[in-house]
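**Student:** need coordinates for the following:
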Amino acid sequence: MRTVRAVIVDDEPLCRERVRTLLAPWPQVVVSGECRRGEDVVRLVRSTPVDLLFLDVQLPDFDGFEALKRCGPERAPLVVFVTAFSDYAVDAFEVHAIDYLLKPIERERFDVAVARSLAALEEPGMPPLAERLDGLLRTVRPSSDLDRDRLLVRVGGRLVFVRAADVDWIESAGNYVTLHVGREAHLMRETMARLESRLADLGFVRIHRQALVNLDALRELRPDEDGEYLALLRSGQALAVSRRCRQRLEAQFSRRP
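**Tutor:** Below is the predicted model:
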């Protein structure tokens, strides 16, 4: 019986312990390491033989997708993603034949994922893992200039691309953001800070802690009765501008052609 070397990656000790416990009935799978940060798993995969990776999507430094990018899909082991969010790119996992587990992990579903992984390691009968991982990474973390200005959102049972240029403003909603596109609103699993960094070169600027605005959608800065300013958008929406963000907003707007 072949020994499969597995690594568990999760920043929560209880979640790592849960995976380890669920692996107990699988003697052919040996846990050879545990990691809690993305940089740790990148270092481990590059230096140590690993057959199977239980990889949490959300990590303290960068997410599991970024960890795989840095490892290089051609070097990455077989991956079972773990996520607490049932609507977070699940369709993409299925499309690219990459297995995933939802937290809290159920034993029956876990056993299915392990059985699939062992079968894939013994008899690879699907497109190469590197090819499937590359397709998944391009879907959930687009990096080309063409895809950089498109945002992936879930609409019903479909994954739909929204052009950043069509977005009027973005509202923080805890671990999610809401994309406001005219009269439509789309919920997206992403942090405001990471989205702000990604869209900075596309003309998006923060106007207060919970709002990011597309400068192309901005029509006017108007003072209110208290001497504060409102940002008036092409959609007719009026948004408060914090004092801290006002100067940066004016500077951004003045530099535009």
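
**Student:** distance of residue 5 relative to residue 49?
**Tutor:** According to Cβ to Cβ, to the nearest Å, residue 5 stands 6 Å off from residue 49. (Glycine included, C-beta is placed from N, CA and C.)

**Student:** the more surrounded of those two?
**Tutor:** Neighbour totals were compared for residue 5 and residue 49, and residue 5 leads with 16 against 8 (other Cβ atoms under 10 Å).

**Student:** give me the three-state assignment for residue 7.
**Tutor:** Reduced to three states with DSSP: H, G, I helix; E, B strand; the rest coil, the structure at residue 7 is strand.

**Student:** and for residue 193?
**Tutor:** Under three-state DSSP, residue 193 comes out as helix.

**Student:** count the neighbours of it for me.
**Tutor:** Per other Cβ under 10 Å, the neighbour tally for residue 193 reads 11.

**Student:** do the same with residue 222
**Tutor:** When neighbours are defined as other Cβ under 10 Å, residue 222 has 12 of them.

**Student:** cool, residue 70 as well?
**Tutor:** Residues lying near residue 70 (other Cβ under 10 Å) number 16.

**Student:** look up how far residue 160 lies from the closest residue to it other than its chain neighbours.
**Tutor:** Setting aside the residues directly before and after it, residue 70 is nearest to residue 42 in space (Cβ to Cβ, 6 or more residues apart in numbering), at 4.7 Å. With distances taken as Cβ to Cβ, residue 42 is found 31 Å from residue 160.

**Student:** please parse the chain into its domains.
**Tutor:** The chain breaks down by automatic domain parsing into domains covering 4-140, 145-255.

**Student:** by residue count, tell me the biggest helix in the protein.
**Tutor:** Assignment by DSSP state H gives helix 107-122 as the longest helix of the chain.

**Student:** list the buried residues of it.
**Tutor:** 110, 113, 114, 117, 118, 120, 121 (16 or more other Cβ atoms under 10 Å).

**Student:** pull the CA atoms of it into PDB?
**Tutor:** Extracted as PDB, the C-alpha positions of helix 107-122 are listed here (Å, rounded to 0.1, in the frame of the first residue of the first chain):
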ATOM      1  CA  ARG A 107     -17.100  12.900   7.900                       C
ATOM      2  CA  GLU A 108     -19.100  11.400   4.900                       C
ATOM      3  CA  ARG A 109     -18.100  14.300   2.600                       C
ATOM      4  CA  PHE A 110     -14.500  14.100   3.900                       C
ATOM      5  CA  ASP A 111     -14.200  10.400   3.200                       C
ATOM      6  CA  VAL A 112     -15.500  11.000  -0.400                       C
ATOM      7  CA  ALA A 113     -12.800  13.700  -0.900                       C
ATOM      8  CA  VAL A 114     -10.000  11.400   0.400                       C
ATOM      9  CA  ALA A 115     -11.200   8.400  -1.700                       C
ATOM     10  CA  ARG A 116     -11.300  10.600  -4.800                       C
ATOM     11  CA  SER A 117      -7.800  11.900  -4.000                       C
ATOM     12  CA  LEU A 118      -6.300   8.500  -3.500                       C
ATOM     13  CA  ALA A 119      -7.900   7.200  -6.700                       C
ATOM     14  CA  ALA A 120      -6.500  10.200  -8.600                       C
ATOM     15  CA  LEU A 121      -3.000   9.600  -7.200                       C
ATOM     16  CA  GLU A 122      -3.100   6.000  -8.200                       C
END
